[in-house]
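S.K.: Okay, here's the prediction I keep looking at, along with the sequence it came from:
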Amino acid sequence: MKVSKKDIKQRMARFEEVSRKSGAKLTHQRLEIFREVAQTVEHPDVEKVFEGVRRRMPTISMDTVYRTLWWLKSLGLITVLGPSRERVRFDANLSNHHHFVCTRCGLTRDFFSDELDSLTLPDSVLSIGLAKKTQVEVKGICLKCAADGKPGARKNERR
């Protein structure tokens, strides 16, 4: 499965629009880093993005790629899969369960759901591989952060 040229073009146009609206400079480095993520279905990690951009821009630094990816996330142009930016989390609970993650404070809590445990995966999953386990991660605002209700906190917060 490939990303169509039309989709890449739309993603790049959105990148330019959001960057301008945020008042950020449209640098060649930012453009190439975003393009590297926009043109693939592989969900690359920072090292893969760095390798791809480095082929076109040999002087790019890993630090620039890393900072730019988090900047793109803050603008809502990309999402992050897996562990949080601050730290990797470990879980000794090996039973079927799911996670709620607060996008403000990082609180991570287990929850249980028979409905989610028996979730039927779409046929398209079979074209990717054989699923052994399904685990849902719900991202939102925990009750404590919601109760704090700090106006303007995390203005750039995105899902």
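M.R.: Cool, got the structure.
S.K.: Tell me how far Ile8 lies from Asp117.
M.R.: Using CB to CB, to the nearest Å, Ile8 is found at 37 Å from Asp117. Backbone N, C-alpha and C define where each C-beta goes, glycine included.
S.K.: Strands along the chain, start to end?
M.R.: Along the chain, counting by DSSP state E, strands occupy 98-102, 108-111, 137-140.
S.K.: ranking those by burial, who's on top?
M.R.: Highest mean neighbour count of the strands of the chain: strand 98-102, a mean of 16 (counted as mean count of other CB atoms under 10 Å).
S.K.: re earlier: quick one, which of the strands of the chain gets closest to Ile60.
M.R.: Nearest to Ile60, of all those, is strand 137-140, at 30.0 Å by CB to CB.
S.K.: thinking again about what came up before, dump the strands of the chain to TSV, plus distance to Ile60.
M.R.: Output for those, formatted as TSV (distance: least, CB to CB, whole Å):
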stretch	distance to Ile60
strand 98-102	31
strand 108-111	33
strand 137-140	30
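S.K.: Those strands into a markdown table, with extra columns for distance to Ser127 and mean pLDDT?
M.R.: What follows is the strands of the chain, written out as a markdown table (distance: least, CB to CB, whole Å; pLDDT from 0 to 100):
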| stretch | distance to Ser127 | mean pLDDT |
| --- | --- | --- |
| strand 98-102 | 25 | 89 |
| strand 108-111 | 30 | 88 |
| strand 137-140 | 23 | 91 |
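S.K.: closest one to Val18 among those strands?
M.R.: Nearest to Val18 among those is strand 137-140 (20.4 Å), distances taken as CB to CB.
S.K.: roughly how far is the closest one from the heart of the chain?
M.R.: Strand 137-140 sits 12 Å away from the centroid of its parent chain (CA atoms, centre = their mean, to the nearest Å).
S.K.: which helices and strands does that strand pack with?
M.R.: strand 98-102 (3 or more CB pairs under 8 Å, 6 or more residues apart in numbering; DSSP states H and E).
S.K.: What are the buried residues along the top helix by length along the chain?
M.R.: Taking DSSP state H as the criterion, the chain has its longest helix at helix 5-22. By neighbour count with 16 or more other CB atoms under 10 Å, helix 5-22 contains the buried residues Arg11, Phe15, Ser19.
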